[in-house]
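A.B. asks: got a predicted structure here, sequence first:
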Number of protein chains: 2
Amino acid sequence: MSVRAGIVVTGTEVLTGRVQDRNGPWLADRLLELGVELAHITICGDRPADIEAQLRFLAGEGVDLIVTSGGLGPTADDMTVATVARFCGRDLVLDAALEDTIADILKKMIGRSKPIGAVDFEAVMAANRKQAMVPAGAEILGPVGTAPGVVVPGSAGRSEATGGLGTPAVVVLPGPPRELQPMWDKAVKTATVQEAIAGRTEYAQDTIRMFGLPESGLADTLRHGEDRIADFDRLEITTCLRRGELEIVTRYEPDAAPVYAELVELLRERHGEQLFSEDGSLVDDQVAGLLAGRTIATAESCTAGMVAARLTDRPGSSDYVAGGVVSYSNDAKMKLLGVDPQLLAAHGAVSEPVAEAMAAGALQRFGADTAVAITGIAGPGGGSAEKPVGTVCFSVQLADGPTLTRTLLMPGSRSDVRERSTTVAMHLLRRILSSPGDRG
Amino acid sequence: MSVRAGIVVTGTEVLTGRVQDRNGPWLADRLLELGVELAHITICGDRPADIEAQLRFLAGEGVDLIVTSGGLGPTADDMTVATVARFCGRDLVLDAALEDTIADILKKMIGRSKPIGAVDFEAVMAANRKQAMVPAGAEILGPVGTAPGVVVPGSAGRSEATGGLGTPAVVVLPGPPRELQPMWDKAVKTATVQEAIAGRTEYAQDTIRMFGLPESGLADTLRHGEDRIADFDRLEITTCLRRGELEIVTRYEPDAAPVYAELVELLRERHGEQLFSEDGSLVDDQVAGLLAGRTIATAESCTAGMVAARLTDRPGSSDYVAGGVVSYSNDAKMKLLGVDPQLLAAHGAVSEPVAEAMAAGALQRFGADTAVAITGIAGPGGGSAEKPVGTVCFSVQLADGPTLTRTLLMPGSRSDVRERSTTVAMHLLRRILSSPGDRG
């Protein structure tokens, strides 16, 4: 038996795309970890009728649990709690203890903030009283900001809204991710949620990553797997291609682990060269690990700092990142990286010799032992018959060892070329650092 | 009378959050521009039953138009067209001309790619034949990749799936944004879509941007507007705070333009200092315009290339971006930017004197006339009582004029601090470039 859930994301700013929803994907991950199957995410604006329609839809689809995000603020357009209460056939009641808690929070906030104008505490409290109104019988999730969440138990045939069909358990959470996330952890521990998800199947999930394999090559291998591996259909495999990286996520019941092991074996056999991660680790994790004890410098033209920014994404990267040069102009390539003007004249800025000279310059100027250089044509202008838009030259060098230089033709828009080039640079670094004895 | 639409996003990788959906927000913008009201976005995996449930839900909510994205590939789990056909009560029929078109595309693709293995063209074509199966009576949108889209006319009471309620017009588009976007433009021009959206109200929409105003300050002004401006409720205002920038989007019927003009006047009056855009232009657009005829260099520590990457986001930026230095280590600050070691010793790397020396170094090393420097503590480590995590020093300088130096304390995580610092740098550049006579 499997347990299904739905997520209702509310907020006009999310529906209209002005704010990217982060709660749906985050909750999707959490549900997956729990072994709950997510069936639908629905997004609507702040209109109660639309919110209620989505709740009704999910109840009609037979989900066991609904999680909502957003619409818990003090203003009039925040209507989620009242809408959920009506949907569940429950009255809204004032929780006096909760009202006191919110008053305390507001007092502290007002005390801390600079006086912008005269703050009428009573008016603020009146506006916030609605946040202390909760559906009868609901469990309260104490506020992280000022908005409390609620967990409303499911009921059989209680609600008129579902035509007497019964309502699933509903967890009502605030919109800001930093409030929603800790509150979800509390919600999961409630008896209501535990009961709703009691029948779940626990799945194992594993992620494999490849680089440089076209999706069709993988599809072919998976067809092969269907023929060769018994019980192959016990693996639920989803694949996704992003910037040249292929992510293969497999979900399976724990006793199908031997089937998964056979799949991994097959992938190793056929795509050993492209397979770089069997444990879900990102190329960023691997490069960070490989750089321990080393120092790296970057020399970037078309990516203009994106590789440096990516290398320093993670805490502690100052241990191994010395810095970099964005040498957008030829002048900068010469002055800051010491690239020979004759090299630029002979081969052009986008060429392997210039990429190598940039990497060598980065090694030398920063006193680093590892360098990566990128020079290319991101477009839309600047291409030629010989060097079309998307032509990008890479060079990675170790001070004490090999150099790996490559020219690739990247598809897509200016931003696609820049982003994909950044990823290629990470993979070339991974390659040279993991087998520094190889020559490219 | 208003026209309502719904968007159905399909794909397990989107539902589970492994890929961020870019189509929902993009289509939301396009619908808004057309004057069509978006009521719901729903996301589900690749299961036909879930897709059909969402279509039924939207039809039940009375939308006039449904747009789907995803599920048009050649593989067995791509089921959107067949599901839409069934939902609309139409048979799937093979379109011979479309089959030929797809065959031509595939021949070219196979011809171009390196032979990975033996490609059995007939097998590929068989797998792709399903992409030439379209609902009877649908208009075909020619493929951008290999997947064609379709536009299925609405019908009254034709479909059993809606219990004889009738189906709205459905536009079926592929998942990859670069295929979906040009195809949507074609879809809008079809008679089916034009008919479906014929009753729409055309709205005007304007965007104002502010920087440095807290949301509560704006809320106060809007309350004031309600009292002071007649017909204020004819403006549909949504506000959104992102990385210190406040975006105020207002939708109104064209004859309410004078009401909107009063709002703009009020905002200018009360927040003239913070208001930087009345035409929706981004700070990036403004800085790019202000940099025409100049050359800029960057010197970045904690943002490590993010400002350089952002300045070079747009085509043609090589006209004014000379380059930059990512001076992550103190050594790099000294060697590459000429920062005096005594300055570092006396004030520390995160200090206004060092930020100023970095900017001066960037001006000099790149021969630029404009420079921006950033040095700060992005965290999570490295903070102290005197300089907590989030402390960031900025200096923007014009070779021929003033210097503007600021220290700010940024809230949030490491990536929040880095991203917000990048935005602050853009605003400081805008300020110094738009009134170079001012001294900070």
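C.D. replies: Sure thing, it's come through.
A.B. asks: wait, what's in contact with A:Gly280?
C.D. replies: Shown in contact with A:Gly280 (C-beta atoms under 8 Å, 6 or more residues apart in numbering or on different chains): A:206-209. The way it works is simple: take the backbone N, C-alpha and C, and place the C-beta from them, glycine included.
A.B. asks: hmm, try it at 10 Å
C.D. replies: Counting by C-beta atoms under 10 Å, 6 or more residues apart in numbering or on different chains, A:Gly280 touches A:205-209, A:247, A:249.
A.B. asks: same deal with A:Gly145?
C.D. replies: Here A:Gly145 is in contact with A:72-73, A:105, A:109, A:174-176, A:178-180, A:183 (criterion: C-beta under 10 Å, 6+ apart).
A.B. asks: do the same with A:Leu428
C.D. replies: For A:Leu428, the contacting residues are A:287, A:372, A:374, A:394-396, A:404-406, A:408, A:440, by C-beta under 10 Å, 6+ apart.
A.B. asks: tell me the one of these nearest B:Ser329?
C.D. replies: Distance to B:Ser329, by C-beta to C-beta, is smallest for A:Val372 among the contacts of A:Leu428, at 16.5 Å.
A.B. asks: quickly find the element holding the residue nearest to A:Pro341 when sequence neighbours are not counted.
C.D. replies: Closest residue in space to A:Pro341, ignoring its immediate chain neighbours: A:Met334 at 5.7 Å, by C-beta to C-beta, 6 or more residues apart in numbering or on different chains. Assigned by DSSP states H and E, A:Met334 belongs to helix A:330-337.
A.B. asks: for A:Leu38, same thing?
C.D. replies: Here A:Leu38 sits within strand A:37-44, counting by DSSP H and E.
A.B. asks: returning to what we had before: of all pairs in the contacts of A:Gly280, which one is the farthest apart?
C.D. replies: Taking C-beta to C-beta, no two of the contacts of A:Gly280 sit farther apart than A:Gln205 and A:Arg209, at 13.9 Å.
A.B. asks: neighbour count: these two, which is higher?
C.D. replies: Neighbour count, other C-beta atoms under 10 Å in any protein chain shown: between A:Gln205 and A:Arg209, A:Arg209 has more, with 20 against 15.
A.B. asks: show me where chain A dips below the pLDDT cut-off.
C.D. replies: A:1, A:109-124, A:127, A:157-165, A:436-440 (pLDDT under 70).
A.B. asks: show me how the record splits it into domains.
C.D. replies: A:4-196, A:204-281, A:284-434 (automatic domain parsing).
A.B. asks: how about the ones you listed, which one is nearest B:Leu15?
C.D. replies: Nearest to B:Leu15 among the domains of chain A is domain A:4-196 (6.2 Å), distances taken as C-beta to C-beta.
A.B. asks: quick check: closest non-adjacent residue to whichever residue of the stretch 201-350 of chain A sits closest to chain B.
C.D. replies: Here the stretch 201-350 of chain A gets closest to chain B at one residue, A:Gly305, 2.5 Å apart by C-beta to the nearest C-beta. Counting by C-beta to C-beta, 6+ apart, B:Gly305 is the residue found nearest to A:Gly305 once chain neighbours are left out, at 2.5 Å.
A.B. asks: and that neighbour, what does it touch?
C.D. replies: B:Gly305 neighbours (C-beta under 10 Å, 6+ apart): A:298, A:300, A:303-312, A:323-326, B:298, B:324-326, B:328, B:422.
A.B. asks: now the phi/psi pair for it, please.
C.D. replies: Per-residue torsions, B:Gly305: phi 110, psi -10 (degrees, to the nearest 10).
A.B. asks: cool, A:Ala371 as well?
C.D. replies: Phi and psi for A:Ala371, reported as degrees, to the nearest 10, are phi -140, psi 150.
A.B. asks: that one: neighbour count?
C.D. replies: A:Ala371, neighbours per other C-beta under 10 Å, totals 29.
A.B. asks: quick one on the thing from earlier: just the angle between the strand holding A:Leu38 and strand B:37-44, please?
C.D. replies: Orientation check (axes from the mean of the first three to the mean of the last three C-alpha atoms, to 10 degrees): strand A:37-44 against strand B:37-44 gives 170 degrees.
A.B. asks: just the CA atoms of strand A:37-44, as PDB, please.
C.D. replies: Only the C-alpha atoms of strand A:37-44 are listed here, as PDB (Å, rounded to 0.1, in the frame of the first residue of the first chain):
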ATOM      1  CA  GLU A  37       4.500   9.400  -2.900                       C
ATOM      2  CA  LEU A  38       3.800  13.000  -4.100                       C
ATOM      3  CA  ALA A  39       1.100  13.000  -6.700                       C
ATOM      4  CA  HIS A  40       0.400  16.600  -7.400                       C
ATOM      5  CA  ILE A  41       1.700  20.100  -6.700                       C
ATOM      6  CA  THR A  42      -0.800  22.800  -7.300                       C
ATOM      7  CA  ILE A  43      -0.200  26.500  -7.300                       C
ATOM      8  CA  CYS A  44      -2.800  29.300  -7.100                       C
END
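A.B. asks: following element in sequence after it, please.
C.D. replies: Next element after strand A:37-44 (DSSP H and E): helix A:48-60.
A.B. asks: for that next one, buried residues please.
C.D. replies: Using 16 or more other C-beta atoms under 10 Å in any protein chain shown as the burial criterion, the residues of helix A:48-60 that qualify are A:48, A:50-59.
A.B. asks: near chain B, from the residues you listed?
C.D. replies: Residues of those in contact with chain B (C-beta under 10 Å from any C-beta of the partner chain): A:50, A:53-54, A:56-58.
A.B. asks: go through stretch A:372-389 and flag the buried ones.
C.D. replies: Going by neighbour count (16+ other C-beta under 10 Å), the buried part of stretch A:372-389 is A:372-379, A:382, A:387, A:389.
A.B. asks: over to that stretch now: how far is its first residue from its last?
C.D. replies: Length of stretch A:372-389, first residue to last, C-alpha to C-alpha, to the nearest Å: 21 Å.
A.B. asks: quick one: distance of it to the chain centre.
C.D. replies: The chain centroid and the centroid of stretch A:372-389 are separated by 30 Å under C-alpha atoms, centre = their mean, to the nearest Å.
A.B. asks: go on, stretch A:324-340?
C.D. replies: 34 Å.
A.B. asks: again with stretch A:48-55
C.D. replies: 28 Å.
A.B. asks: export it to PDB, keeping only CA atoms.
C.D. replies: Taking C-alpha atoms only, stretch A:48-55 is exported to PDB below (Å, rounded to 0.1, in the frame of the first residue of the first chain):
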ATOM      1  CA  PRO A  48     -10.000  31.500  -1.300                       C
ATOM      2  CA  ALA A  49     -12.200  29.900  -4.000                       C
ATOM      3  CA  ASP A  50      -9.100  28.800  -6.000                       C
ATOM      4  CA  ILE A  51      -7.400  27.400  -2.800                       C
ATOM      5  CA  GLU A  52     -10.500  25.500  -1.900                       C
ATOM      6  CA  ALA A  53     -10.900  24.100  -5.400                       C
ATOM      7  CA  GLN A  54      -7.300  22.700  -5.200                       C
ATOM      8  CA  LEU A  55      -8.000  21.200  -1.800                       C
END
